[in-house]
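Enquirer: Below is the structure, and that's it, no one-letter string:
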């Protein structure tokens, strides 16, 4: 069964350092997303990506964040200068448009990268 | 803006019993989708079930069914014949058909299945 793959599963970084979280979405999917979940809280949308550009971003996704699809398979989230409050689980997701349907369905999530900023 | 509400922070159910997890939403958009995800203690998000706003029938996936009441704007998840492995956090999520396709999540319900 196709799946979204994220690496690493856990990353510890010093405050102020740059981190890159990596994702391989499902190959025939068109929409890609990053979400985050601070420990014990709900999942929050960060950014969506379609047709090689950001289609939407939340207020959380400030200038410290950037996304890139450097090749046909990877989708990355970069945090330029990490802060303690960036510690969270980061989920990548992808979804496809169904033929004959105007709806995106079944957004598949990766297993997450737990980022710890110390 | 859309809003998703899960009013039950925690629920207990006996093994083999059915349980209903509540979810209400607020939108003026006529075309949207509703999702339920399971998050076990290991942290991954597992897709369970989807309901489109124009679907005539309630969605079902194995032991999961979605009690969709459009006029009430509710999309409750029903888990039949609960198993110990169903113990997890459950999130309801919403997205619009047009414009924003990203999911808006509720705050979650922690379900504990007791033997």
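Expert: Nice, thanks for sending it over. Everything numeric in this text was worked out from a predicted model, so none of it was measured.
Enquirer: Contact partners for whichever residue of chain B sits closest to chain A?
Expert: For chain B and chain A, the shortest gap (CB to the nearest CB) falls at residue B:45, measuring 3.8 Å. C-beta: built from backbone N, CA, C; applies to glycine. By CB atoms under 8 Å, 6 or more residues apart in numbering or on different chains, the residues touching residue B:45 are A:43, A:91, A:93, A:109, A:112, B:37-39, B:91.
Enquirer: Among those, which pair sits farthest apart?
Expert: The span of the contacts of residue B:45, defined through CB to CB, is set by A:93 and B:38 at 14.8 Å.
Enquirer: Could you check which of these two is surrounded by more residues?
Expert: Taking neighbours as other CB atoms under 10 Å in any protein chain shown, residue A:93 and residue B:38 compare with residue A:93 leading, 28 against 21.
Enquirer: Can you pull out the low-pLDDT segments for the chain?
Expert: I went with chain A, as the question did not name one. A:97-106 (pLDDT under 70).
Enquirer: was after chain B, sorry
Expert: Using pLDDT under 70, chain B drops low at B:1-2, B:98-100.
Enquirer: mind listing the strands for chain A?
Expert: A:5-7, A:10-13, A:19-24, A:31-37, A:44-50, A:53-57, A:65-68, A:75-79, A:88-97, A:104-109, A:113-117 (DSSP state E).
Enquirer: Of these, which is nearest residue B:69?
Expert: Smallest distance to residue B:69 across the strands of chain A (CB to CB): 20.2 Å, for strand A:104-109.
Enquirer: partner residues bridging residue B:39?
Expert: In this entry, residue B:39 is beta-bridged to residue B:89, by DSSP bridges.
Enquirer: What's the local residue count around it?
Expert: Neighbours of residue B:39 (other CB under 10 Å): 21.
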